[in-house]
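J.: Need a 3D model of the following:
(6 chains)
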Number of protein chains: 4
Amino acid sequence: MPNRLPNTPPPRGAHRSSPRWRRLPEERPRQILDAALEVFGERGLAGARLDDIARRAGVSKGTIYLYFPNKEELFREVVRAVVVDRLRQAAANAGTGDPVQELERYLRAHWDFVLSPAFQTIFKLVTGELHNFPDLAEFYGREVVMPANQLLAGMIRRGIERGDFRQVDPVLAAGFMASTAITHSTWCARRHVFKLLTDVTDEQVFEQLLDFIFHAIRVTPAPATPVGAE
Amino acid sequence: MPNRLPNTPPPRGAHRSSPRWRRLPEERPRQILDAALEVFGERGLAGARLDDIARRAGVSKGTIYLYFPNKEELFREVVRAVVVDRLRQAAANAGTGDPVQELERYLRAHWDFVLSPAFQTIFKLVTGELHNFPDLAEFYGREVVMPANQLLAGMIRRGIERGDFRQVDPVLAAGFMASTAITHSTWCARRHVFKLLTDVTDEQVFEQLLDFIFHAIRVTPAPATPVGAE
Amino acid sequence: MPNRLPNTPPPRGAHRSSPRWRRLPEERPRQILDAALEVFGERGLAGARLDDIARRAGVSKGTIYLYFPNKEELFREVVRAVVVDRLRQAAANAGTGDPVQELERYLRAHWDFVLSPAFQTIFKLVTGELHNFPDLAEFYGREVVMPANQLLAGMIRRGIERGDFRQVDPVLAAGFMASTAITHSTWCARRHVFKLLTDVTDEQVFEQLLDFIFHAIRVTPAPATPVGAE
Amino acid sequence: MPNRLPNTPPPRGAHRSSPRWRRLPEERPRQILDAALEVFGERGLAGARLDDIARRAGVSKGTIYLYFPNKEELFREVVRAVVVDRLRQAAANAGTGDPVQELERYLRAHWDFVLSPAFQTIFKLVTGELHNFPDLAEFYGREVVMPANQLLAGMIRRGIERGDFRQVDPVLAAGFMASTAITHSTWCARRHVFKLLTDVTDEQVFEQLLDFIFHAIRVTPAPATPVGAE
DNA sequence: GATGAATGAGGGTTCATTCAT
DNA sequence: AATGAATGAACCCTCATTCAT
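T.: Prediction:
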């Protein structure tokens, strides 16, 4: 009956014969991908409705099919394009100064990033859905996890070479650092639902985390307790 | 599996050599919960089909509804019953001996547990779906995360009091340890999809993890430079 | 395939070795039929659940199938046995005295009956479901409507012969009387939902109804004062 | 009817000579409501299948949900739209001339209407299902029963004032007239199932009904038998 | 005879996908 | 290019019916 649904974006000019302003069609895919990231993040792959994605992107449902052949491929593109894009730009600020300072700077950036809603969303998707998409999983490992780990491991390696850090496996140590930040960040982000960590700020947590990490790898005059190592 | 084809009219007088079902009311809920855990883990809440859960449990679809009012409540029960059950038994072996040895023992048990398929599944569900179930999230925080953290924090606290560990926030340190193990374990479990860490064994990873953790908190005879603190 | 026909006389109890107390099995069918009448009346044929009928009859669901081959046949039996039974007993008190007084007495009984919950239920079933059961409909017409109509028409006919009533078609007039009572009674019974007739009592309505009916058929020799009105 | 077999994969490039559907959004609700009226009338609320309604409306099942949120609401709309619509138009031809003639004209229209399949259906639904829908019942009383009764009562009242009719309660008398017509019409409509009234035509019945009704309310010279008053 | 756990076809409802406009 | 009405397969859930106990 009503020929215009609620939530319809502002009606474009009723001028027909005259050249009217158009939304740039080249932005469509990005609009859709951004909207899809949000909805997939909230509802998961199966739970997300194309209707919602379309509405949030400000387009109609049919339009999605002009750019993506189906829901699953849209999901692939979300991970491929949006995720990689965002993670890349987060990993970009790699300096080459003092390893200790550089590491600290990097960890702070990492912490800020993993606390961001964007990352929380991505992490959820990766954890929950990626195992059904082997190609995407490999892609994610190759394009996201690996480079980030390389970057971090490189810093640690240089620190070891300069005598700042003790002899650890740089790759594994990098993994420990990143993973600690990641999981802990999800707990921080869920304080209100888990009713946990309600009396410390994110910043305090991060400082303790830094302290924890640096103690774990810095050189130490003498080992206190030789545990767990043979 | 079903010995009667769909749409086949009931074979009224057909003599059957084996009964179509047996009466096992005491075992049904557990069978269903176990099957549901698997399927939810593979497909998520929205993607799981009750048909699959039923088939995997060896019962018919209708039977599920004799024990659980609907899919969502089944999901709740899966998390409640299975998770709590398994996590509790994992946390049960808490000794009270030498904090260092005890901590090491606990971390090993924790590591083994988080590497198990059961935990991997649960973790996926918690990460991906729990934010839509506030009551479950709170329940999970209260019944699972909190107790495990208390246990671990207690060991650390005793280690600090005995002079084995340095002054750290026991609760946060416990969180770091657990989270490191958790996230890293998911990476280990996904070596084959991420194509990462393919040249080290789980055991080697764990040893490095222990080394990392103990260095992070053990007392250090001589002060090093205070990093990461301003 | 059903090894027991409907209307089978109550199965006598198999002698057991030990005499234990039993609920009288010969009452089962009637218990079930009574419960079924209620539930069918409330929910209709399709909407009624055997579970509810069983519960209301105080038996288990399977027990119903010991006495009735399926739901539809149970419905048939409800109409056949219970409905006819009740309608018959209501119609039974037919005297043979003064036609006018007899008619009045009969109409009063009729009015009381159509106001009863039992009749309301039956009327609902007959109106709503019977057209899908041609055999039942014919049966109902033959066993219920026809006899009642005959009875009423007989009184009218005798009244005409005696000069009390004017020349009308006794059968049609009987139909008008009964139908007026029937439909109007459903309105009375639904005062609270229709929000109608809320300021008159059932008795007042009946008196007006009597007045209406008798004016419609009595001979009218000369003008007189209105009856049944104050 | 469906030109695509179930489970057949979508024939992507299959050229179809005729379009699968046409766009008729303005007509859809009415088509669906009409079909629903029929099916609800035949099977009742619980027994009606949306599949059947859809097929009879010439649309697919999903289309119904574009216009009605669910089955129950569709039922509501059927009663609301169809009933009110038709009854309104039936009540529209209310003149203001000679009460006697007007009443006769009205009763004839009423009789024709209650004999129509549409009304028979509605009456069945109202009788059988309305008690589960209190809001609809109230609506029906307010919008249908009440206005029709008012109209009829008005004619009677004017007839009384002009001395054509005797002193009766106009509202109750109107009820008697309408109800007689209604119930009796259902009997007429069911002659073939009840095997009753098979030797008189609807027209003959109506003439007798008119005679019955007019005798009931017209002024009469003298009371024949003082009945129904004590 | 009686029970009620188990079954599975059926129906309401959703939503990815298509396509006339 | 964009729309959104229409479709129909798929899925959750119900409940009549069966049958081991």
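J.: can you give me the helices in chain A?
T.: With DSSP state H as the criterion, chain A has helices at A:28-47, A:50-57, A:61-67, A:71-77, A:84-91, A:99-115, A:117-129, A:134-140, A:146-161, A:170-189, A:191-194, A:202-217.
J.: Tell me how many other residues crowd residue A:205.
T.: By the measure other CB atoms under 10 Å in any protein chain shown, the count of residues near residue A:205 is 22. Just so you know, the C-beta spots here come from the backbone N, C-alpha and C atoms, and that holds for glycine as well.
J.: mind listing what it touches?
T.: Applying CB atoms under 8 Å, 6 or more residues apart in numbering or on different chains, we find residue A:205 in contact with A:184, A:188, A:197, B:172.
J.: re the thing from before, put together a markdown table for the helices of chain A, with distance to DNA strand E and mean pLDDT on each row.
T.: Converted to a markdown table, the helices of chain A look like this (distance: least, CB to the nearest atom of the strand, whole Å; pLDDT from 0 to 100):
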| stretch | distance to DNA strand E | mean pLDDT |
| --- | --- | --- |
| helix A:28-47 | 7 | 93 |
| helix A:50-57 | 3 | 96 |
| helix A:61-67 | 4 | 96 |
| helix A:71-77 | 4 | 95 |
| helix A:84-91 | 23 | 69 |
| helix A:99-115 | 29 | 89 |
| helix A:117-129 | 14 | 87 |
| helix A:134-140 | 17 | 87 |
| helix A:146-161 | 31 | 90 |
| helix A:170-189 | 26 | 87 |
| helix A:191-194 | 23 | 74 |
| helix A:202-217 | 35 | 93 |
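J.: Please identify the deepest-packed of the ones you listed.
T.: Ranked by mean neighbour count, these are led by helix A:170-189 with a mean of 23 (mean count of other CB atoms under 10 Å in any protein chain shown).
J.: Check which helices and strands that helix sits against.
T.: Using 3 or more CB pairs under 8 Å, 6 or more residues apart in numbering or on different chains; DSSP states H and E, the elements in contact with helix A:170-189 are helix A:99-115, helix A:117-129, helix A:146-161, helix A:202-217, helix B:170-189, helix B:202-217.
J.: can you tell me how far residue A:55 sits from chain B?
T.: In this view, residue A:55 and chain B are 19 Å apart by CB to the nearest CB, to the nearest Å.
J.: Which of the contacts of residue A:205 sits closest to chain D?
T.: Of all the contacts of residue A:205, chain D sits closest to residue A:188, with 41.1 Å by CB to the nearest CB.
J.: My understanding was that that closest one contacts residue A:197; is that so?
T.: Yes. Look at residue A:188 against residue A:197 with CB atoms under 8 Å: they come within range, at 6.2 Å.
J.: Is residue A:82 in contact with residue A:40, as I believe?
T.: No. Look at residue A:82 against residue A:40 with CB under 8 Å: they stay out of range, at 9.7 Å.
J.: Give me the residues contacting stretch A:46-54.
T.: Residues contacting stretch A:46-54 (CB under 8 Å, 6+ apart): A:32, A:35-36, A:39-40, A:42-43, A:60-61, A:63-64, A:71, A:74, B:43-47.
J.: Recalculate using a threshold of 10 Å.
T.: Residues outside stretch A:46-54 that contact it (CB atoms under 10 Å, 6 or more residues apart in numbering or on different chains): A:32-43, A:55, A:59-65, A:68, A:70-71, A:74-75, A:78, A:129, A:132, B:43-48, B:128-129, B:132.
J.: ok, the nearest residue in space to residue A:68 that is not next to it in sequence - contacts?
T.: Among residues not flanking residue A:68 along the chain, residue A:74 sits closest, at 4.2 Å (CB to CB, 6 or more residues apart in numbering or on different chains). By CB under 10 Å, 6+ apart, the residues touching residue A:74 are A:29, A:32-33, A:36, A:40, A:45, A:48, A:50, A:53, A:64-65, A:67-68.
J.: With residue A:161 instead?
T.: residue A:99.
J.: any idea what sits nearest residue A:34, other than its immediate chain neighbours?
T.: Spatial nearest neighbour of residue A:34, excluding adjacent residues (CB to CB, 6+ apart): residue A:82 at 6.8 Å.
J.: Oops, could you answer that again for residue A:190 instead?
T.: Spatial nearest neighbour of residue A:190, chain neighbours left out: residue B:137 (7.0 Å); criterion: CB to CB, 6+ apart.
J.: I'd guessed the one you found sits against residue B:127; true?
T.: No. Contact between residue B:137 and residue B:127 fails when scored by CB atoms under 10 Å: they sit 11.1 Å apart.
J.: so how far is residue D:112 from residue A:147?
T.: 84 Å (CB to CB, to the nearest Å).
J.: same question, residue A:78
T.: 64 Å.
J.: Now do the same contact list for the spatially most central residue of chain A.
T.: Nearest residue to the geometric centre of chain A (CA atoms, centre = their mean): residue A:119, 3.0 Å. Residue A:119 sits next to A:83, A:86-87, A:90, A:110, A:112-113, A:182, A:185-186, A:189 when contact means CB under 10 Å, 6+ apart.
J.: again, only this time at 6 Å
T.: Applying CB atoms under 6 Å, 6 or more residues apart in numbering or on different chains, we find residue A:119 in contact with residue A:113.
J.: Tell me the residue of chain A that sits nearest DNA strand F?
T.: Using CB to the nearest atom of the strand, the closest approach of chain A to DNA strand F is made by residue A:62 at 1.8 Å.
J.: Could you measure from that residue over to residue A:68?
T.: 12 Å.
J.: Please name the nearest non-neighbouring residue to residue A:44.
T.: Closest to residue A:44 by CB to CB, 6+ apart is residue B:44, at 5.1 Å.
J.: That neighbour reaches residue A:40, doesn't it?
T.: No. Residue B:44 lies out of contact with residue A:40 (CB atoms under 6 Å); the separation is 11.4 Å.
J.: domains for chain A, by residue range?
T.: Here the domain assignment for chain A is A:20-68, A:72-217, based on automatic domain parsing.
J.: mind checking which of these is nearest residue D:210?
T.: domain A:20-68 (59.2 Å; CB to CB).
J.: ok, now how distant is residue A:111 from residue D:50?
T.: 54 Å.
J.: Residue A:187 too?
T.: Applying CB to CB, the value for residue A:187 to residue D:50 is 47 Å.
J.: ditto for residue A:114
T.: Distance, residue A:114 to residue D:50, using CB to CB: 49 Å.
J.: what do you get for residue A:43?
T.: 27 Å.
J.: Equivalent analysis for residue A:164, please.
T.: Counting by CB to CB - residue A:164 and residue D:50 are separated by 72 Å.
J.: what's the closest non-adjacent residue to residue A:198?
T.: That would be residue A:191: by CB to CB, 6+ apart, it lies 5.6 Å from residue A:198.
J.: so the one you found touches residue A:197, yeah?
T.: Yes. Counting by CB under 6 Å, residue A:191 touches residue A:197, with 5.2 Å between them.
J.: my read: residue A:99 touches residue A:158, true?
T.: Yes. Residue A:99 lies in contact with residue A:158 (CB under 6 Å); the separation is 4.7 Å.
J.: Many thanks, I have nothing further to ask.
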